[in-house]
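J.: Okay, sequence plus prediction incoming.
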Amino acid sequence: MKCFYAPETETHDPIFRLTYGKIQRNAEQAERAKLLLAGLDALSLSVTEPERAPMAALETVHTKRFLKFLETAWDEWQKQPDAGPEVVPNVFPRAATSSYPHTILARAGWHMGDTSAPIGQHSWQAALRAADCAIAATDAVLAGDDKAYALCRPAGHHTSAEIAAGHCLLNNAAIAAARLRTAHDRVAIFDIDVHHGNGTQDIFYDRNDVLTASIHADPADYYPFFTGFADETGSGDGEGYNLNLPLPRTTTDAAWLAAIDTALDRIAQFNPGALVLSLGLDTHEDDPLLGMKVSWDGLRRAGEKIAAAGYPTVIVQEGGYLTPSLTTSLTSFLSGYLGAKIPALERN
């Protein structure tokens, strides 16, 4: 399996995060990349640095003004008196009718859905290179490979066409799906991150050519809180082409794997030409964000099930946060997906 990674993505190492009124270290730290690379190495999977993709590839998903904002925000922010080291909004549009703003502080609130995706000096270049990884993996599948993996960070599935949020800047999975659509009439996105892929849902919500399916912790008491409920099934032409399977935060292997079966059944009915897998590893019981209680064996079996579906697949890395278990979580999933034999894994 071809795997893609760009070292420049490590230059995005955000600091700020606000939780329950308390400033904390951001969870999307560059150290994640080293843990994920170690997981690939355990399976003897080497990585290739992707070529740089044209901006047009991003514009299939994102608005031009959003891309311009991401490109220029940090430089403009630094021109403000007493500016902090990262772009973090403190005002957000709430009115039913709003006018697009021109000051950097207001545009930050317009284009950033929360305070957990701060933009630093190198965030734009890192986000570009993460998208390059997703595009390179997609191109490998379009060229005939049956699977490819993109080690993307920052992640992307919380970002909509022009609003970044939840540690995400560019929606790498959506960019991959749009690129697959150039060769396939129907494409499915299967999101198994512990958080609902609200940005991905929003991008494709009114379309019937891209099916979105997400299994995640119940947003009634978990991020992103406002979307991800079972009654969100699409709108207009997209009615019936969005599937949400929210689960309790106490979910263990059996219920999670049953939900994967349900989602794969719906994907089979849709009969896509290709699949994008938003691979979040934060379902694991050791993940610090405490969303679910899935074991390494559960991740392995999920890999087996998704591989058995048989679709040409672009695997795009989403969440999975700082814990020594992250390496084994990736190895567990990919060992099941690839049918690789590795030493027995013990649960912590």
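T.: Received, thanks. Treat the numbers as computed from the prediction; the structure is a model and nothing was measured. Residues are numbered from 1 along each chain as shown.

J.: and the longest helix along the chain, C-alpha only, in CSV?
T.: The single longest helix within the chain, with elements called by DSSP state H, is helix 123-142. Output of helix 123-142 as CSV, limited to C-alpha atoms (Å, rounded to 0.1, in the frame of the first residue of the first chain):
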residue,chain,number,x,y,z
SER,A,123,-0.3,26.4,9.6
TRP,A,124,-1.2,27.3,6.0
GLN,A,125,1.8,25.5,4.5
ALA,A,126,1.2,22.5,6.8
ALA,A,127,-2.4,22.4,5.8
LEU,A,128,-1.5,22.6,2.1
ARG,A,129,0.9,19.7,2.5
ALA,A,130,-1.6,17.6,4.4
ALA,A,131,-4.0,18.2,1.5
ASP,A,132,-1.2,17.2,-0.9
CYS,A,133,-1.0,13.9,0.9
ALA,A,134,-4.7,13.2,0.4
ILE,A,135,-4.5,14.2,-3.2
ALA,A,136,-1.5,12.0,-3.9
ALA,A,137,-3.2,9.1,-2.3
THR,A,138,-6.3,9.7,-4.4
ASP,A,139,-4.2,9.9,-7.5
ALA,A,140,-2.6,6.6,-6.7
VAL,A,141,-6.0,5.0,-6.5
LEU,A,142,-7.2,6.7,-9.6
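
J.: mean confidence score for it?
T.: Confidence over helix 123-142 (mean pLDDT, whole number) is 98.

J.: Quick check: next helix or strand after that helix?
T.: strand 147-150 (DSSP states H and E).

J.: how much does the helix or strand that comes right after that following strand deviate in direction from helix 123-142?
T.: Next along the chain after strand 147-150, taking DSSP H and E as the criterion, comes helix 172-180. Taking axes from the mean of the first three to the mean of the last three Cα atoms, to 10 degrees, one finds helix 172-180 and helix 123-142 inclined to each other by 40 degrees.

J.: Against which helices or strands is the helix or strand following helix 172-180 packed?
T.: Next helix or strand after helix 172-180 toward the C-terminus (DSSP H and E): strand 187-191. Strand 187-191 sits against helix 172-180, helix 198-204, strand 210-217, helix 253-270, strand 274-279, with contacts defined as 3 or more Cβ pairs under 8 Å, 6 or more residues apart in numbering; DSSP states H and E. Yep, even glycine has a C-beta here, placed from its N, CA and C like the rest.

J.: Report the angle between the longest helix of the chain and strand 274-279.
T.: 140 degrees.
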